[in-house]
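Enquirer: pasting the structure only:
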């Protein structure tokens, strides 16, 4: 009586295949020296030979702004827009946001994505402005979205803001002027950045676990 191996060999012979040697070994992949093209692997790749400077970002002066008004009929002030975009639940005039944030939200002196940039009013503290940081381009440039910067209730997105403080501490900035496609002539004082993270006291009051 034929066993299964004999039946398989007979079927292979009937199909025109030569019988496998009794001690046949398992198939193995092609030899590596035959599978690799020496012309490709001979020497380091282009990326391996690039100097580290080749991977560094371009200077801020080379940045090409795409800032534009996306909704000229929004009729929004900066505060409701910033609240909606950032999730920071503060109300009232923009010049009160920094004071309101104390004990309620974590704050920072340097920007991070999603944070609310709080500007002091030009020449007087009676006015203020808030904008939402969309991207940190470099240590001295961020991209923001904000409303009513041009005093028309409009929404403007992808607006560059540059730190021009002598100490590089984000205490003074200038803002890209969309209509003229250049940096604005005025500089503005910065109070800081409000993060959408409840402060410890606010967490405890809201019974939210700390840490």
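Expert: Okay, I see it. In this text the structure is predicted, and so the values were computed from the model without any measurement.
Enquirer: Any idea what the residue most central in space within the chain is bridged to?
Expert: Centroid check for the chain by C-alpha atoms, centre = their mean gives residue 135 as the closest residue, at 5.3 Å. Counting by DSSP bridges, residue 135 is bridged to residue 143.
Enquirer: For it, list the residues it contacts.
Expert: 113, 142, 143 (C-beta atoms under 8 Å, 6 or more residues apart in numbering). C-beta coordinates here come from the backbone N, C-alpha and C atoms, glycine included.
Enquirer: PyMOL command for the buried members of those residues?
Expert: Of the contacts of residue 135, the buried ones can be selected in PyMOL as follows, counting by 16 or more other C-beta atoms under 10 Å:
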select buried, resi 142+143
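Enquirer: Tell me where the chain is predicted with low confidence.
Expert: 1-57, 123, 208-211 (pLDDT under 70).
Enquirer: Helices of that one, residue ranges please.
Expert: 4-14, 32-35, 38-41, 46-49, 78-86, 97-101, 200-205 (DSSP state H).
Enquirer: So which residues of this structure form strands?
Expert: 68-71, 105-108, 116-120, 128-138, 141-147, 155-163, 172-177, 182-183, 188-198 (DSSP state E).
Enquirer: export the ones you listed to TSV and tack on distance to residue 81?
Expert: Below are those laid out as TSV (distance: least, C-beta to C-beta, whole Å):
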stretch	distance to residue 81
strand 68-71	10
strand 105-108	17
strand 116-120	10
strand 128-138	8
strand 141-147	4
strand 155-163	7
strand 172-177	15
strand 182-183	22
strand 188-198	14
